[in-house]
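**Student:** my questions concern the predicted model and sequence given below.
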Amino acid sequence: IPVNDGFVFVHTTDILYCEGENNYTTIYTANSKIVSSKTLKEYDEMLAGNSFFRCHKSFLVNMNHIQKFSRAEGLRLLMPNGNWVDVSVRKKDEFFDLIQNK
């Protein structure tokens, strides 16, 4: 993962989710938060087919780390670090197809 002063090496299986904001992406693992100068779209293309799902325009989640799905306050996913990730309404059906076929 390219960062300000070099690179950080992370196994894809350790990534909980990625959050995009403009031209930056924050990558969350169980123990760290890494800010990268690549866009979320670039990470989506790199991680496609590795259990990652673009559930929202701002979020790319590792399907293997989802702890809970909630409809209480919109469509949201609870991740192991205690954070909630939104699922967009237009991605809801695709998300349900993925979890039912897993």
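**Tutor:** Received, thanks. Owing to the predicted nature of the structure, the values given are computational and were not obtained by experimental measurement.

**Student:** quick one: the helices in this structure?
**Tutor:** All helices of the chain, identified by DSSP state H, fall at 40-47, 92-100.

**Student:** mean neighbour count, these: which tops it?
**Tutor:** Highest mean neighbour count among the helices of the chain (mean count of other Cβ atoms under 10 Å): helix 40-47, with a mean of 16. All C-beta spots, glycine's among them, are computed from the backbone N, C-alpha and C.

**Student:** which of the helices of the chain has the lowest mean pLDDT?
**Tutor:** Of all the helices of the chain, the minimum mean pLDDT falls on helix 92-100 (a mean of 90).

**Student:** other SSEs contacting it?
**Tutor:** strand 52-56 (3 or more Cβ pairs under 8 Å, 6 or more residues apart in numbering; DSSP states H and E).

**Student:** tilt between the strand it packs on and helix 40-47?
**Tutor:** On the basis of axes from the mean of the first three to the mean of the last three Cα atoms, to 10 degrees, strand 52-56 is oriented at 150 degrees to helix 40-47.

**Student:** still on that earlier bit, so which of the helices of the chain comes closest to T13?
**Tutor:** Closest of the helices of the chain to T13 is helix 40-47, at 10.9 Å (criterion: Cβ to Cβ).

**Student:** ok, and what's touching the closest one?
**Tutor:** Here helix 40-47 makes contact (Cβ atoms under 8 Å, 6 or more residues apart in numbering) with 12, 15, 18-20, 25, 27, 36, 52, 54, 58-60.

**Student:** max pairwise distance over those: which two?
**Tutor:** Within the contacts of helix 40-47, T12 and S58 form the most distant pair, 19.6 Å apart (Cβ to Cβ).

**Student:** name the residue in these two with the higher neighbour count.
**Tutor:** S58 (15 against 11; other Cβ atoms under 10 Å).
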